[in-house]
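> Sequence below, structure please.
(2 chains)
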Amino acid sequence: KAGVTQTPRYLIKTRGQQVTLSCSPISGHRSVSWYQQTPGQGLQFLFEYFSETQRNKGNFPGRFSGRQFSNSRSEMNVSTLELGDSALYLCASSPSGSGDTQYFGPGTRLTVL
Amino acid sequence: AQRVTQPEKLLSVFKGAPVELKCNYSYSGSPELFWYVQYSRQRLQLLLRHISRESIKGFTADLNKGETSFHLKKPFAQEEDSAMYYCALSAQGGSEKLVFGKGTKLTVNP
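Here you go, the predicted model:
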């Protein structure tokens, strides 16, 4: 099976812009989670989607949002970008979303100038 | 609140020496604990989880609920074990939310 894929792999944006990141889970996986990784804060949970519903949300401002489509593909959106949003954004998928092993994608490196 | 602490940011050992990466957690319920590893230029991947009680690549980890610890151990380190190691916690109850520690960078010297 193909692994989790994320597009694009790299992005450069300026403050105030918005950005959309995409994640394609492993075929058959229904749960998709998003994480932000920064040198200072490490890996932080953003949100989890299961069967097109947001099931859990981390402690991030409302500028961070996401959605999941019927084919389990997921997107996350960050509006009004700030310098501090520069990070590696990781997506992970799992089969049933119930304590399964999560499989991570390679990440999208977002740089905000 | 859930919290995972990895007290060592960096750990350096020689090949063949024992290695222990420490992980302590804080959680009022009954957690699931994981160790994830990230080798250079590779994606984050699961190394082991406490519920499976497996030994992967010679690594083991025992959940000590009394000390709220989940230390990762290997009796004889290999150079290919050099990587970033993350301890993570998941609350039981169907949530996929993982709370990660800040990670420990392990370097195994020849």
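> Which residues are in contact with the residue nearest the centre of chain A?
Geometric centre of chain A, nearest residue: A:Trp34, 3.4 Å, by C-alpha atoms, centre = their mean. With contact taken as C-beta atoms under 8 Å, 6 or more residues apart in numbering or on different chains, A:Trp34 is in contact with A:Cys23, A:Phe45, A:Leu46, A:Phe47, A:Glu48, A:Gly66, A:Ser74, A:Met76, A:Tyr89, A:Leu90, A:Cys91, A:Ala92. All C-beta spots, glycine's among them, are computed from the backbone N, C-alpha and C.
> filter these by proximity to chain B?
Among those, the ones lying near chain B by C-beta under 8 Å from any C-beta of the partner chain are A:Phe45, A:Glu48, A:Leu90, A:Ala92.
> what sits against the third one?
Which is A:Leu90. Counting by C-beta under 8 Å, 6+ apart, A:Leu90 touches A:Gln6, A:Trp34, A:Tyr35, A:Gln36, A:Gln37, A:Leu43, A:Phe104, A:Gly105, A:Gly107, B:Leu44.
> Mind picking the two most distant members of the ones next to chain B among the contacts of A:Trp34?
Farthest-apart pair in the ones next to chain B among the contacts of A:Trp34 is A:Glu48 and A:Leu90; separation 12.6 Å (C-beta to C-beta).
> per-residue confidence at residue 33?
Since you didn't name a chain, this refers to chain A. A:Ser33 carries a pLDDT value of 95.
> Switch to chain B, please.
90.
> same check, this time on the one 5 residues further on
According to the prediction, B:Gln38 has pLDDT 95.
> Also the one 5 residues further on?
Looking at B:Arg43, its pLDDT stands at 94.
> contacting residues for it?
Counting by C-beta under 8 Å, 6+ apart, B:Arg43 makes contact with A:Gly3, A:Phe104, A:Gly105, A:Pro106, A:Gly107.
> What is the nearest of these to A:Gly16?
Closest to A:Gly16 out of these is A:Gly107 (23.5 Å), distances taken as C-beta to C-beta.
> Quick check: that closest one vs A:Gly66, distance?
15 Å (C-beta to C-beta, to the nearest Å).
> Downstream of the one helix or strand in chain A whose mean pLDDT sits lowest, the next helix or strand is which one?
Using mean pLDDT, DSSP states H and E, strand A:53-57 stands out as the lowest-scoring helix or strand of chain A, at a mean of 90. Remark: after strand A:53-57, the chain's next helix or strand is strand A:64-68, criterion DSSP states H and E.
> Can you check what angle separates the helix or strand following that following strand from strand A:64-68?
Using DSSP H and E, the helix or strand that follows strand A:64-68 in sequence is strand A:74-78. Relative orientation of strand A:74-78 and strand A:64-68, computed by axes from the mean of the first three to the mean of the last three C-alpha atoms, to 10 degrees: 160 degrees.
> Give me the residue ranges of chain B where confidence is low.
B:92-95 (pLDDT under 70).
> again, only this time at 80
B:1, B:51-55, B:91-96 (pLDDT under 80).
> ok so, going back, is the least confident helix or strand of chain A up against chain B anywhere?
Yes. Residues of strand A:53-57 contacting chain B under C-beta under 8 Å from any C-beta: A:Arg55, A:Asn56.
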